[in-house]
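>>> sequence first, predicted model second:
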Amino acid sequence: MRWTVFKSQFCGFAAQKYPTKLQLKNCRLARRYEMVDRNLKRIAMCSCGKASIEVKGDPEIHGICHCNNCKQRTGSAFGISAYFKTENIFAINGEFSCYSFHGSQTNSLQQRYFCKFCGTTLYWNLASSPDLTGIAGGCFVENPLGVPRYSNSYKNKFSWVKLPWRMKKYS
Ligand SMILES: [Zn+2]
Ligand SMILES: [Zn+2]
């Protein structure tokens, strides 16, 4: 993208050939704040559409995980976990079944809620983080989440999965 186009999209100041360091810093700040909208409402929905969970703002913790459990839970290459403050969840609709088990990674009790009709795992609670609710990131279809911040169980990643270089990687 050409610099002038980039700047007019992300910055408030008029286009000029050589911006000052301060203008560049402001530009980066503006971009950072544009990505965070504390009042944006999002709906995560199961594949049949009968179950949903509504949240406000961005997740507190947002990452992907390559462990076998996440692969088996999703049937995909990795799981996307978005943890929201429970106070930012304002509606849970639909009928759910619950799968309770002791998670080895967090060494705590975990309760996974999945749609009774289609089986999509939509959200979960960890006894180790009682003020957070995990939501399956891929279920936010209309208003998708941004780029996850970290990658868990990195050594168990499929070799063909390529991740953004800025993502923090934990083994
Ligand atoms: Zn469903
Ligand atoms: Zn995992």
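Good, I have the coordinates. Ligands and ions are numbered 1, 2, ... in the order given.
>>> show me what from this protein comes close to ligand 2.
Applying CB under 5 Å from the ion, one finds that the chain approaches ligand 2 through 65, 67, 70. Glycine gets a C-beta too; all of them are placed from N, C-alpha and C.
>>> all strands of the chain, in order?
41-45, 52-56, 61-65, 79-85, 89-93, 96-103, 108-115, 121-126, 132-136, 150-152, 168-169 (DSSP state E).
>>> by contact count, what packs against the third one?
Using 3 or more CB pairs under 8 Å, 6 or more residues apart in numbering; DSSP states H and E as the contact test, the elements touching strand 61-65 are strand 79-85, strand 150-152.
>>> format the CA atom coordinates belonging to the longest one as CSV.
It stands for strand 79-85. Taking Å, rounded to 0.1, in the frame of the first residue of the first chain, the C-alpha atoms of strand 79-85 are listed here in CSV:
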residue,chain,number,x,y,z
GLY,A,79,-8.8,-24.2,18.4
ILE,A,80,-9.5,-20.5,18.7
SER,A,81,-10.2,-19.4,22.3
ALA,A,82,-11.5,-16.0,23.1
TYR,A,83,-11.9,-15.3,26.8
PHE,A,84,-14.3,-12.5,27.7
LYS,A,85,-14.9,-11.0,31.1
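>>> packing partners of that strand?
The helices and strands touching strand 79-85, judged by 3+ CB pairs under 8 Å, 6+ apart, are strand 61-65, helix 68-74, strand 132-136.
>>> please state the offset of that strand from the chain centre?
From the chain centre to the centre of strand 79-85 is a distance of 5 Å (CA atoms, centre = their mean, to the nearest Å).
>>> same check, this time on stretch 110-127
With CA atoms, centre = their mean as the basis, stretch 110-127 stands 16 Å off its chain's centre.
>>> with stretch 68-87 instead?
Using CA atoms, centre = their mean, the offset of stretch 68-87 from its chain centre is 9 Å.
>>> quick revisit: could the residues of the chain next to ligand 2 go into CSV alongside pLDDT, neighbour count and distance to ligand 1?
Below are these laid out as CSV (pLDDT from 0 to 100; neighbours: other CB atoms under 10 Å; distance: CB to the ion, whole Å):
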residue, pLDDT, neighbour count, distance to ligand 1
C65, 96, 24, 23
C67, 94, 17, 25
C70, 94, 21, 20
